[in-house]
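**Student:** make a model of this:
(one chain, ligands or ions: 1)
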Amino acid sequence: MLKETQEKYLMDLKAWLSETKEEELEEMTAFFSSRLEGYETHMKSIWGEDYRLFSEKLPKECRHILDLGCGTGLELDEIWRRNPSLSVTGVDLCQDMLNRLLEKHADKPFTAVCMDYFQYNFEKNKWDAVISFESLHHFEREKKKQLYGKIRDSLKEGGVFLLGDYTACCIEEEELLYGVYLEKRKRCHTEEGHFVHFDIPLTEEHETELLKAAGFSSVELSDELAEAALFIARK
Ligand SMILES: C[S@@+](CC[C@H](N)C(=O)[O-])C[C@H]1O[C@@H](n2cnc3c(N)ncnc32)[C@H](O)[C@@H]1O
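**Tutor:** The predicted structure is shown next:
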């Protein structure tokens, strides 16, 4: 991001955080259930093209993949358009989002798992690819580090983790959002382990460090998506 664009972006972000200072944190599942109707239109207005580009990064030879935070399946719409017989397990906290996916793709080889992906049993050497799009920016660094280790172990040799996500444009944004998140959790008396919807993205550098620390043999950062960073981590 250009310096001037970044300054303007941070100024707007600070103004928005100040306007919404008193707003309560919403529980994660309730947040997505209550926005289900406009959800796909909203997401496609920002990441429409990115879903297609993301799907193109999935190696053609994949047979079994795991999607973490699959939601209503926007990335899977594109992935199955290219390969309708691909077998997918999708994990999501929100049953309403999964129901929408199941309505759209009743004919696909899909297993829906309604649970927290931090609690999911990934098993070892099982998946050709693990993918996640616009879900992990809600979680703290240490939690993600452990998850990335489990993802790595669950991939077959040569398997790939494709992470498409919102990243902070600089350390100032990362620290600003994390500070507000902690302050809001405290003010709302949010219990430890309770998931709320608030974005706490890491910078690209910090996300890359976490993936490397999880033991992936290579971590590539692609700038091919327009509105998200794409990390390609290989076992
Ligand atoms: C912004 S949506 C993205 C959904 C989909 N990947 C897409 O791009 O349309 C984030 C999704 O992550 C899910 N999610 C958030 N935290 C989760 C967790 N700990 N375990 C499982 N799913 C989670 C939410 O329920 C929601 O469906």
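**Student:** tell me the SS of the residue of the chain found nearest the ligand?
**Tutor:** In the chain, the residue that lies nearest the ligand is residue 71 (2.6 Å; Cβ to the nearest ligand atom). For glycine as for every other residue, the C-beta is placed from the backbone atoms N, C-alpha and C. Here residue 71 is coil, with the state taken from DSSP: H, G, I helix; E, B strand; the rest coil.
**Student:** what's the closest non-adjacent residue to it?
**Tutor:** residue 97 (4.5 Å; Cβ to Cβ, 6 or more residues apart in numbering).
**Student:** how many residues are close by residue 193?
**Tutor:** Close neighbours of residue 193, defined as other Cβ atoms under 10 Å, add up to 8.
**Student:** now do the one 10 residues further on
**Tutor:** Residue 203: 18 surrounding residues under other Cβ under 10 Å.
**Student:** show me the beta-bridge partners of residue 232.
**Tutor:** Beta bridges link residue 232 to residue 162, residue 220 when assigned by DSSP bridges.
**Student:** any chance you could map the strands in the protein?
**Tutor:** In the chain, the strands defined using DSSP state E lie at 26-27, 64-68, 87-92, 110-114, 127-133, 155-165, 196-197, 218-222, 229-234.
**Student:** contacts only, for residue 188.
**Tutor:** With contact set as Cβ atoms under 8 Å, 6 or more residues apart in numbering, residue 188 has these partners: 24-25, 196.
**Student:** verify the stated contact: residue 98 with residue 112.
**Tutor:** Yes: counting by Cβ atoms under 8 Å, residue 112 is a contact partner of residue 98 at 4.7 Å.
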